[in-house]
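1. Build me a model from this:
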Amino acid sequence: MKGPDPILLQIPESFETKRLIIRAPLWEDGAMVNEAVKQSIDELRPWMLWAKQIPSIEESEIISRQGRVHFLERSDLRLYLIHKTTGQFIGSSGLHRIDWEARKFEIGYWVNTLFSGQGYMTEAVEGITRFAIDELQANRIEIRCDARNIRSARVAERLGFTKEGILRSDKCDVNGIIRDTIVFSKVRGAEF
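-> Below you'll find the model as predicted:
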């Protein structure tokens, strides 16, 4: 039986973890996102199709505003990670490729290079996983990454996501070369 239209769902726009405020994008977020992209472009470029070149501040603002609209539509739940005490932009994550009927979500993420290796992304993904379970009644949460992206895979492994397998020759990488995708998941009744 199909539930209510997702646009009618009451979804909190922010929540907190130990060190982070995790929230939906807001108008005027573009400049801080743009600065983080500039600081992180060398680490993002091998994995993110959108990171071939540094966007303008205006382009970053457009993407943030689109993220805000999609959050309100419930079609994609982009989330920004903000340090609780300093207000610094730590990175971006969210719940993507949503299937509301099955309550299935995919968590994607990237971290500002200035804050990598400090456990922020693991903390954020753990908080977002909890949010998806508690607030969105998730039945399945996935993390997918390029099989060569060891740092991304380690986040999933640290948080107890089950490695379901490798999709061979699944997608093209940023250079158009075919690559494999690792699929991790947590499933209601098994891992939560």
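
2. what are the ranges of the helices in this protein?
-> Counting by DSSP state H, residue ranges of the helices within the chain are 30-44, 57-73, 120-134, 150-158.

3. Make TSV out of these and add distance to residue 21.
-> From N, CA and C alone the C-beta is placed, and that goes for glycine too. As requested, those are exported to TSV (distance: least, Cβ to Cβ, whole Å):
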stretch	distance to residue 21
helix 30-44	13
helix 57-73	15
helix 120-134	10
helix 150-158	19
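
4. Buried deepest among these, which one?
-> Stretch with highest mean neighbour count among the helices of the chain: helix 120-134 (a mean of 20; mean count of other Cβ atoms under 10 Å).

5. Report pLDDT for residue 49.
-> The model reports residue 49 with a pLDDT of 82.

6. Give the residue spans of this structure that score low on pLDDT.
-> Within the chain, the ranges that satisfy pLDDT under 70 run 1-2.

7. switch to 90 and redo it
-> 1-4, 46, 49-52, 191-192 (pLDDT under 90).

8. quick one, strands of it?
-> Here the chain has its strands, by DSSP state E, at 14-16, 20-23, 77-83, 89-99, 104-111, 140-146, 162-172, 178-187.

9. closest to residue 52 out of those strands?
-> When the strands of the chain are compared by Cβ to Cβ, strand 162-172 sits nearest residue 52, at 13.2 Å.

10. Summarise which helices and strands the closest one is packed against.
-> Counting contacts by 3 or more Cβ pairs under 8 Å, 6 or more residues apart in numbering; DSSP states H and E, strand 162-172 packs against strand 178-187.

11. How about the contacts made by the nearest residue to residue 112 once chain neighbours are set aside?
-> Leaving out its chain neighbours, the residue that sits closest to residue 112 by Cβ to Cβ, 6 or more residues apart in numbering is residue 36, at 4.0 Å. If you count contacts by Cβ atoms under 8 Å, 6 or more residues apart in numbering, residue 36 has them with 89, 91-92, 112, 114.
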